[in-house]
Structures are given as C-alpha cells and as structure tokens.
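Engineer: Provided below for reference: sequence and predicted model.
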Amino acid sequence: MDQSKDLNQNFKINVDQKVARRRWGILAKALKGPLGSQPSSPTDEISIRRISSFMLLETRELPSPPSQVLNDQILKRTWFEYSFNIDQKSFKLNIGHRNRTYSAEDLMGFNNTGNICIWPSEETLSYYVCLNLNMFEGKSVMEIGGGMSCLAGLFIAKYSSAKNVLVTDGNKTSIDNVQAILQCNSFACDTQCAILRWNEQKESKQFDVIISADCLFFDDYRIDFINCLRNHLASKGVALIMAPIRGTTLDSFILQARIRGLVCKKIVNYSDLVWVKRLELMDSSCDYDDNIHYPILLKVTKE
C-alpha cells in the first residue's frame, strides 16, 4: 500500500474542502449583508484570492455622502474616499458601497465579479494610470469591465487631460453604482457610464485608449472580449490590460488576440513600487502565488 499516495490524496481533499468553505463563506457573506470592502490588509481571511491588495490604495469611510444633492441613489450607499499618494501628490475618488444585501441574481449575472471587491489588477491599473496621466492627454478613453467602481477610468477622468471618458461594465448593478459615484465626484472632462456586454455590440464607437482590469479569465467570453476590444480600439489606439498569468488564460488571450489582428506587448515590471510590493509578498509567509496574484500589464495595439 502506497502511504505517501494516500497522504497526498488526503491533503488534496482537505485543501479542496477549505477552498470550498471559503467560497461558500464569500457567497453567504454577500447574500446576508452589505459589503464594506476596505483593502486594509494584503491578505483576506475568507477570500478565494487570499491576496486582496498590494497596499497601494488607502480608504477611509466618509461621515456623510459627499454631495449636496442627496437623492435615494446616493443615500442608499455608504461612502468612502479611495486615494493614492504618488510623489507627494494625492489622488482621491469618492466611492459608494450599496447599503443592502446582494441577491443571487446580482452575484450570478453577466460579469458579476466586480460586485464583490477591489481586485489587485484593478488596484494596480488605477495606480499605473495615475503614474502615467500624460498618456491620456487629449485622448478619448474607454474602460471595459470596470465593475462596481470603474476606479481606473474615473481616476483618468478626474486627474488627466483626457478628451472624454466612458466607463462600462456588463452588469447593471455595477453601472447603477457607478452612476451614483459620478454624482459624487467632479471630473476634468466629459465622463459617462454605460452597460456594455461584450457579445451584444450595437455600435462600435472607437477610442484612442482602452483600459481593462482582470477580464481575461472568462473562458466563455474571451473571444467576445477580444472582438469588443478590436471593434472599439482606434486604428492607432492602445489598450492597457492588467491581469495575472492565471494558468493559461493570459497566454490564451495573447494567442487569440494575435489571430484577430492584435499585437500584445507583455510588461512585467511597470512600476518600481508595485515591484517592491511583489517582492515583499514573495518573501512573506502569506499564500502569495505570482501565477494568480501578480498582475501583468499588456499593451495591445492593432497590426
């Protein structure tokens, strides 16, 4: 009898059970009460991801809604200030969290991942755009799959000299939340939000810059995402996509994008600070895994 094989099998069962409990914990927490997902620690006890933040983003709860117009859309949310400090300059956004439970429909709808929390790819993409605001000067900008906050797109809208910004998501719950966020911030250019489902494109207005965070792991929607990206990207435009390697998903995207006339440049070290945070996590005792936790930057252009 191979005892080592039995031990390995038992270990795998225990790990699978722990992962399953964490997943059910997330679902139960979401269904039972509102989520106040403040990235206060790089590890999250019940998160599937285990690494919830690179600790770039600071948050604080606001004592009252940051708006003089207090309609139901604003009052039904708890408001937070999300901020980065870069080279002694502060970048801030007011972000609303819904004060209600999440229904099963909310959690299982089209592209619902943004309903749960701020993902590391969203955090690092937001930090990257704040570091490189000059690349958006005079440009039309679109965010695809921005989730409940569309953080990166709204940082561009508030602090860059972009021509206009459109932030999108495929989930109506997310866009409802973003509409409230738009009312509680001031922007430097025309800024709008809209529902955009990658497989339901009626118009194909093109943009100089497209940004997206962690949208590559949907196997069923990968081709739709690529087609959406290609249709909306101007001929001389660039897309900035942030996502971890996550098994074969990143390489699968690059391959399928190439087949459809897109060129992808992979950038691993795109920020000195993010790189340092990565090395610190690799040296720590937490369950950090580069494959699923470290976001890679892809710069995508048309051939």
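Structural biologist: Good, I have the coordinates. Numbers count the residues shown, from 1 in each chain.

Engineer: what ranges does the stretch 1-150 of the chain have for its helices?
Structural biologist: Assigned by DSSP state H, counting those that start in this stretch, the stretch 1-150 of the chain shows helices spanning 3-32, 72-75, 104-108, 120-131.

Engineer: any idea which of those helices scores lowest on pLDDT?
Structural biologist: Among the helices of the stretch 1-150 of the chain, helix 104-108 carries the lowest mean pLDDT, a mean of 44.

Engineer: what's the neighbour count on residue 90?
Structural biologist: Residue 90 has 10 neighbouring residues, counting by other Cβ atoms under 10 Å. (Each C-beta comes from the backbone N, C-alpha and C, glycine too.)

Engineer: then residue 183?
Structural biologist: Applying other Cβ under 10 Å, I find that residue 183 has 16 neighbouring residues.

Engineer: gap between it and residue 237?
Structural biologist: 29 Å (Cβ to Cβ, to the nearest Å).

Engineer: got it, and residue 64?
Structural biologist: For residue 64, the distance to residue 237 equals 40 Å [Cβ to Cβ].

Engineer: the more surrounded of the two?
Structural biologist: Set side by side, residue 64 and residue 237 show more neighbours around residue 237, with 20 against 7, by other Cβ under 10 Å.

Engineer: give me the distance between the more buried one and residue 243.
Structural biologist: Using Cβ to Cβ, one obtains 19 Å as the distance from residue 237 to residue 243.

Engineer: strands of this structure, residue ranges please.
Structural biologist: With DSSP state E as the criterion, the chain has strands at 58-61, 77-86, 89-98, 140-144, 164-169, 190-195, 207-213, 233-244, 262-267, 295-302.

Engineer: now those in JSON lines, with mean pLDDT?
Structural biologist: As requested, the strands of the chain are exported to JSON lines (pLDDT from 0 to 100):
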{"stretch": "strand 58-61", "mean pLDDT": "91"}
{"stretch": "strand 77-86", "mean pLDDT": "94"}
{"stretch": "strand 89-98", "mean pLDDT": "95"}
{"stretch": "strand 140-144", "mean pLDDT": "98"}
{"stretch": "strand 164-169", "mean pLDDT": "98"}
{"stretch": "strand 190-195", "mean pLDDT": "98"}
{"stretch": "strand 207-213", "mean pLDDT": "98"}
{"stretch": "strand 233-244", "mean pLDDT": "98"}
{"stretch": "strand 262-267", "mean pLDDT": "98"}
{"stretch": "strand 295-302", "mean pLDDT": "98"}
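
Engineer: to residue 158, which of those lies closest?
Structural biologist: Closest approach to residue 158 among these (Cβ to Cβ): strand 89-98, 6.6 Å.

Engineer: now do the buried residues in the closest one.
Structural biologist: Applying a neighbour-count criterion of 16 or more other Cβ atoms under 10 Å, the buried positions in strand 89-98 are 91, 92, 93, 94, 95, 96, 97, 98.

Engineer: please apply the same query to stretch 210-222.
Structural biologist: For stretch 210-222, the buried set under the neighbour-count rule, 16+ other Cβ under 10 Å, comprises 210, 211, 212, 213, 214, 215, 216, 217, 218, 221, 222.

Engineer: tell me the bridge partners for the fourth one.
Structural biologist: Each beta-bridge partner of residue 213 is listed here: residue 242, as defined by DSSP bridges.

Engineer: wait, what's in contact with it?
Structural biologist: By Cβ atoms under 8 Å, 6 or more residues apart in numbering, the residues touching residue 213 are 119, 121, 122, 124, 125, 145, 146, 152, 241, 242, 243, 295.
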